[in-house]
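K.L.:
Pasting the sequence and the predicted model now:
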Amino acid sequence: MMKYFFSQSNVLGLLPHLQIKLRDFKQISQTKPIKLKDEEIQYLFNLQNINPLWKIGEKQISREIKFKNFTEAFSFMNQVAILADYMDHHPDWENVYNQVKVNLNTHDVGGVSIKDVVLAFAIDKIAFNINLKSAESISDTKLLELHGIAQSWNDNYSKSV
């Protein structure tokens, strides 16, 4: 069972609602979302080294990801779906052959929350992992390594202290 508790901590002493340590992706569903300002989203993107291909919009963050083929794109979507269910936070997306368009927002706050930023971070990690694998091996959802994703998120906070 994948347990990496999701809780808030005041790591940097700045903007406590942005200071998140990941321990359990399921716990994020119990975190009360707060609508983030554009500069807060950008701060987290920089801190977590989130791919600059994500576009910060008025009420969502979005990205298009291109894979080598449909199998890779579908495997990516399958792995994100598993994680999104753990988080109880699901993307708005579409797939055409080897391309996946992802839009993230938190309906409860009418914009982007920490939940969206965490999911964007995980999406980047999953996409990168799929791009490293051969088309024959990527359909196995065992590639999803939540502990590694959570640890990478936490390591980025540790570097900033």
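P.N.:
That came through fine. Just so it is clear, the model here is predicted, and its values are computed rather than measured.
K.L.:
so Glu124 makes contact with Ile61?
P.N.:
Actually, residue 124 is Asp rather than Glu. No: assessed by Cβ atoms under 8 Å, Asp124 is found out of contact with Ile61, at 11.5 Å. Yep, even glycine has a C-beta here, placed from its N, CA and C like the rest.
K.L.:
Just want the most central residue of this protein.
P.N.:
Nearest residue to the geometric centre of the chain (Cα atoms, centre = their mean): Leu119, 2.0 Å.
K.L.:
tell me what the host helix or strand of that residue is packed against?
P.N.:
Assigned by DSSP states H and E, Leu119 belongs to helix 114-132. Packing partners of helix 114-132 (3 or more Cβ pairs under 8 Å, 6 or more residues apart in numbering; DSSP states H and E): strand 20-23, helix 38-47, strand 61-66, helix 70-87, strand 99-104, helix 146-160.
K.L.:
Please identify the buried residues of it?
P.N.:
114-127, 129-130 (16 or more other Cβ atoms under 10 Å).
K.L.:
same question, stretch 77-86
P.N.:
Buried positions in stretch 77-86, judged by neighbour count with 16+ other Cβ under 10 Å: Met77, Asn78, Gln79, Val80, Ile82, Leu83, Ala84, Tyr86.
K.L.:
Tabulate those residues in TSV, adding columns for distance to Tyr97.
P.N.:
Converted to TSV, the buried residues of stretch 77-86 look like this (distance: Cβ to Cβ, whole Å):
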residue	distance to Tyr97
Met77	12
Asn78	16
Gln79	18
Val80	17
Ile82	22
Leu83	23
Ala84	22
Tyr86	27
